[in-house]
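A.B. asks: test case, fold it:
(chains A and B)
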Amino acid sequence: MKMKKALIVFLLLALMGAPVFANGKAEVKTAEPTRKVLRFGQTNPKLAMDEQTNSNSGVATLADLVTEGLFKWNEDNKEELVLAADWPQISADGLTYTFKLKQGIVFSDGSPLTSKDVKFTFERMFTPSTKAVNTYMYDMISGAKEMLSGNATELSGLKIIDDTSFSITLTYPFSGFVKNLGISYAEIFPAKACSEAGANWGHGTTLVGTGPYMIKENDEQTRVVFEKNPNFRGKANLDEIDIIFIDDVSTKLLEYEAGNIDLCQLDNAMYQQYKNSDIASDIVQYTPLGTVFINLNLNDPALKDIRVRQALSLAIDRKTYCEDFLDGTGVPATGFLNPSELGYMQRDQYEYNPKKAKQLLSEAGAANLHLVAHVRSKDKNEFVYIQNCFAQIGVTMDVQVVDNGVWYSEWQAGSIQIMWMGWFPLYADADNHMYTYFFSQNASKKSNFYNNAKFDELVTEARQMTDDSQRAKLYQQADTMLTQEDYGCIPLYYPRYQFVAKPYVKNMKVGNLIYHLNDVDIDTSLQKTR
Amino acid sequence: MPKYLLKRIAQAIGVVLVISMITFFILNIVPGNPVQLMLGDFATQETIDRVTHEMGLDKPVVLQYLHWLGNMLKGDFGTSYFQRQPVLLLLGKAFTVTAKLALSSYVLALVIGVGFGIIAAVFHNRFLDKLLMVFSIAGISAPNFWIAIILQIIFGLKLHWFPISGVRTFAAYILPTIALGTRYAASISRITRTSMLEVVKQDYIRTAKAKGLSRLQVTMGHAFRNALIPIVTVAGADLSNIFTGSMLIESVFSIPGIGKLFLDCIGNRDLPLVEGGVMYIAVICVIVYLLVDMLYTVIDPRIRLGGENE
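C.D. replies: This is a model prediction of the structure:
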């Protein structure tokens, strides 16, 4: 009997123990209704908040709350002034840009923003020991390459005129230069604070900037807490922003449903599950700037004939693909350039005509075409759909899933025959989108090998012009050539992404790939009723 | 014993070095350029070449390995390519988290596993035995990530008893502890039951009962002690597994532990961190198996390590 009693006690303890020790409350603190606290769940980028040393959009979400550049791309994909007082004056030869900073700008540590900070920022970027990864966006500045190679310690192309004026000279005319300055990689760091932090810059709470918020707490593992920057020239809407790191997409949504976070991305893979759920009304869709397409290796003998490439395009019913398979997370593409980009042109939908496709294949002597696709696991399902489309016209395709690292190597080595690709520009401009992929020298590094002298001429000319209306015409011609005449790739759709936001979260908008929280506000009256 | 210990430690160092070498060379053979992965899609070849040179990745693999090995012997495991922080610092931070999770799961697994095993053996072939063994089979069969999700939904989302993810409070460890510990509790309970059933048939148990000892004294003082060797073997292996195999649970619960760190760095080809992670696994396994061997002598004094008394 004694033994039985002991066992019963043990069992009860084992089964009931856990709740006894639990505090019964979720870990993420509930925001006090009187304070405006936004809790955003995002994947932990596990990187320093130093946008010179990485190109991670998750880092940009964090760092852009603190640091600012001369310009920025807003959520309507328009470039606007931030620290620059006006657009730069450009010399007649298109090489020298003269900038003026706004007066009275102060960093969160109280130090004033001057031209010296701008010079420091760019010199830090080109100093080899920084190991900056985004130098290719700015290495057209005179003296940049000399610094990168270790032959200079000063950026000769950046001259300080006075405390708030400076000029930058380029080695060749480049129309995208001011646009490049509008992305996060060119945000301005305070010389003193950044030098003092050294290699630790961006870790912990070291990041200092001119933005609306500053870092209050950062354990780099579970969350970062931002508070208002008292020295900010404008008004920050929120008292606090808690970035809570949740990597698992499913867990993130559970936290959202439980009310532990106010805002998070809703992955396309989860969209179908949630679009008819209790939180369906919280879903906000947006269209980033990218394009999803089938990348073809034009050096491959099986894909050299334009008729074969056209046939593959004709085999895909993009409307059904987007509506049924993608469940509305894509809009059928009509060319390579995205509707939000300079150079986009309204065209008819791509034709879906399997009969014509078969005929073209027959004419090209490729009736029994067999293809081998290498895709990453995340792209597999979509490519299996494409595999079925091709099967309708007698083309067999072996879809092989490869590891991310292997895929990158093969892609760069030009050894992939056919694959899925989503290509997203950093800002709304065809140069950053189309030139970076299909200009002959770039295409050869992307398992594509598109090489059309006329196309190269058009995009090269466009990147050296400053008149956007003229540039748009050139890009329209280039896009037509690439996607309607040469079938250098097979555009599929313009992707749509989504986030979920509680009804009291206001002004949340995503223009491209980065979640900018700078303008987000909270309606506390609605929050109280949650 | 000291001679045996020194021999085992020397062997362990050899094993760890061989593992480090194999890992280093395999990772260099496997396709996947860490610099390309680090710089992203837009980087030019010029930038890739420059960063490759700055990181010393353009040197012959043998030189890279020797350089890494030399530094490691001095306690410097290098700097993560991506996180740009010392590997030892990253491993240390992650280990603190993993250790809490692993130890709590292990304690849970031992208490539940041994307890259920003994109860099942005591009530052999009765309802309680069958019920506990059904739980045991379910615990072994159910994938731990599935258990994790079910726990999240019931106790996190629906009942709001525990946090769904994270590690910022004590309560946050409870669901991952249960999710991780369940499988090990199940396997320990089965081996405990089997081992106990073997022992209770022995003559000395009958003798103990005949001497008038209580059921509790017979079970715990005589049967359980003699059933310990197989339990310790399984529980020892479980300890190393629990310390090194929490990747899925850490991933589901967003726990910044070793498993999560390791999972991320493999995909990125973050060689110094992968090497550091492999060293961690190797060291944990070597230490645990050494401890298990030593524990045998404590449990059964007839066992002598290293054949000292032979």
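A.B. asks: run the contact check for the helix or strand bottoming out on mean pLDDT in chain B versus chain A.
C.D. replies: In chain B, no helix or strand scores lower on mean pLDDT, DSSP states H and E than helix B:34-39, which sits at a mean of 78. Yes: judged by C-beta under 8 Å from any C-beta of the partner chain, helix B:34-39 comes into contact with chain A at B:34, B:36-39. (Each C-beta comes from the backbone N, C-alpha and C, glycine too.)
A.B. asks: please pick the buried ones from those.
C.D. replies: Neighbour-count burial (16 or more other C-beta atoms under 10 Å in any protein chain shown) applied to the residues of helix B:34-39 next to chain A gives B:34, B:36-39.
A.B. asks: burial measure for residue 118, as a count.
C.D. replies: All of this is about chain A. A:Val118 has 25 neighbours, counted by other C-beta atoms under 10 Å in any protein chain shown.
A.B. asks: could you do chain B instead?
C.D. replies: 23.
A.B. asks: where's it, which helix or strand?
C.D. replies: Per DSSP states H and E: B:Ile118 is located in helix B:87-122.
A.B. asks: wait, A:Thr524 touches A:Val505, no?
C.D. replies: No: the pair A:Thr524 / A:Val505 is not scored as a contact, 11.4 Å apart, by C-beta atoms under 8 Å.
A.B. asks: out of these two, which sits in the more crowded spot?
C.D. replies: A:Val505 (23 against 15).
A.B. asks: hang on, A:Gly422 in a strand?
C.D. replies: Yes: read with DSSP: H, G, I helix; E, B strand; the rest coil, A:Gly422 is one of the residues of a strand.
A.B. asks: check the gap between it and chain B for me.
C.D. replies: 10 Å (C-beta to the nearest C-beta, to the nearest Å).
A.B. asks: indicate the residue of the stretch 101-250 of chain B located nearest to chain A.
C.D. replies: B:Pro163 (3.4 Å; C-beta to the nearest C-beta).
A.B. asks: if you tally nearby residues, what's the number for that residue?
C.D. replies: Around B:Pro163 there are 28 other residues, counting by other C-beta under 10 Å.
A.B. asks: wait, it touches B:Thr169, no?
C.D. replies: Yes: with contact defined as C-beta under 8 Å, B:Pro163 counts as touching B:Thr169 (6.6 Å).
A.B. asks: residue ranges in chain B under the pLDDT threshold?
C.D. replies: Low-confidence segments of chain B, defined by pLDDT under 70, span residues B:1, B:42, B:303-310.
A.B. asks: neighbours around the residue in it that chain A sits nearest to, how many?
C.D. replies: Chain A sits closest to B:Gly32 of chain B, with a gap of 2.4 Å, by C-beta to the nearest C-beta. Neighbourhood size, B:Gly32 [other C-beta under 10 Å]: 21.
A.B. asks: which one is it nearest to, not counting chain neighbours?
C.D. replies: Counting by C-beta to C-beta, 6 or more residues apart in numbering or on different chains, A:Gly405 is the residue found nearest to B:Gly32 once chain neighbours are left out, at 2.4 Å.
A.B. asks: hang on, the one you found in a strand?
C.D. replies: No: A:Gly405: not assigned to a strand; according to three-state DSSP it is helix.
A.B. asks: and it, what pLDDT?
C.D. replies: The model reports A:Gly405 with a pLDDT of 82.
A.B. asks: get me the contact residues on the stretch 1-150 of chain B for chain A.
C.D. replies: With C-beta under 8 Å from any C-beta as the criterion, the stretch 1-150 of chain B comes near chain A at residues B:30-34, B:36-47, B:50-51, B:54-55, B:82-85, B:93, B:97, B:111-112, B:115, B:119, B:122, B:149.
A.B. asks: out of those, which end up buried?
C.D. replies: B:31-34, B:36-39, B:42-44, B:47, B:50-51, B:54-55, B:82-85, B:93, B:97, B:111-112, B:115, B:119, B:122, B:149.
A.B. asks: ok, now which ones touch A:Leu148?
C.D. replies: A:Leu148 makes contact with A:126, A:128, A:135, A:139, B:50, according to C-beta atoms under 8 Å, 6 or more residues apart in numbering or on different chains.
A.B. asks: one more: B:Leu5?
C.D. replies: Listed by C-beta under 8 Å, 6+ apart, the contact partners of B:Leu5 are B:Leu290.
A.B. asks: dump the host helix or strand of B:Lys130 to PDB, keeping only the CA atoms.
C.D. replies: Assigned by DSSP H and E, B:Lys130 belongs to helix B:127-141. Extracted in PDB, the C-alpha atoms of helix B:127-141 (Å, rounded to 0.1, in the frame of the first residue of the first chain):
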ATOM      1  CA  PHE B 127      -3.500  -1.900 -16.600                       C
ATOM      2  CA  LEU B 128      -1.100   0.700 -15.400                       C
ATOM      3  CA  ASP B 129       1.800  -1.100 -17.100                       C
ATOM      4  CA  LYS B 130       0.000  -1.200 -20.400                       C
ATOM      5  CA  LEU B 131      -1.100   2.400 -20.100                       C
ATOM      6  CA  LEU B 132       2.400   3.700 -19.400                       C
ATOM      7  CA  MET B 133       3.800   1.600 -22.300                       C
ATOM      8  CA  VAL B 134       1.200   3.000 -24.600                       C
ATOM      9  CA  PHE B 135       2.400   6.500 -23.600                       C
ATOM     10  CA  SER B 136       6.000   5.300 -24.000                       C
ATOM     11  CA  ILE B 137       5.400   4.000 -27.600                       C
ATOM     12  CA  ALA B 138       3.600   7.300 -28.400                       C
ATOM     13  CA  GLY B 139       6.500   9.300 -27.000                       C
ATOM     14  CA  ILE B 140       9.000   7.400 -29.100                       C
ATOM     15  CA  SER B 141       6.900   7.500 -32.300                       C
END
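A.B. asks: who in the stretch 201-310 of chain B is up against chain A?
C.D. replies: So the stretch 201-310 of chain B meets chain A at B:214-216, B:219, B:251-254, B:256, B:260, B:264, B:267-269 (C-beta under 8 Å from any C-beta).
A.B. asks: top of those residues by neighbour count?
C.D. replies: Busiest of these [other C-beta under 10 Å] is B:Phe253, holding 32 neighbours.
A.B. asks: ok, and the closest non-adjacent residue to that one?
C.D. replies: B:Pro176 (4.5 Å).
A.B. asks: and the one you found, how many neighbours?
C.D. replies: 30.
A.B. asks: does it touch B:Ile149 like I think?
C.D. replies: No: at 11.7 Å, B:Pro176 does not count as touching B:Ile149 under the criterion of C-beta under 8 Å.
A.B. asks: joint contacts of those two?
C.D. replies: With C-beta under 8 Å, 6+ apart as the test, B:Pro176 and B:Ile149 both reach B:Val252.
A.B. asks: quick one, what contacts A:Leu155?
C.D. replies: Each residue near A:Leu155 by C-beta under 8 Å, 6+ apart is listed here: A:119, A:122-123, A:126, A:141-144, A:147.
A.B. asks: give me that answer again for 10 Å
C.D. replies: By C-beta atoms under 10 Å, 6 or more residues apart in numbering or on different chains, A:Leu155 lies in contact with A:119-127, A:138, A:141-144, A:146-147, A:168-169.
A.B. asks: again, but for A:Gln285
C.D. replies: A:266, A:271, A:275, A:328-329, A:496-499, A:510.
A.B. asks: quick one: mean pLDDT for the helix or strand A:Gln359 falls within?
C.D. replies: For A:Gln359, the enclosing helix or strand under DSSP H and E is helix A:354-363. Taken as a whole, helix A:354-363 has a mean pLDDT of 97.
A.B. asks: would you confirm that B:Asp49 contacts A:Tyr136?
C.D. replies: No: using C-beta atoms under 10 Å, B:Asp49 is not in contact with A:Tyr136; the gap is 11.5 Å.
A.B. asks: can you give me the strands in the stretch 151-300 of chain A?
C.D. replies: Taking DSSP state E, counting those that start in this stretch, the strands of the stretch 151-300 of chain A run over residues A:158-162, A:165-169, A:213-218, A:223-228, A:240-245, A:263-266, A:283-286, A:291-296.
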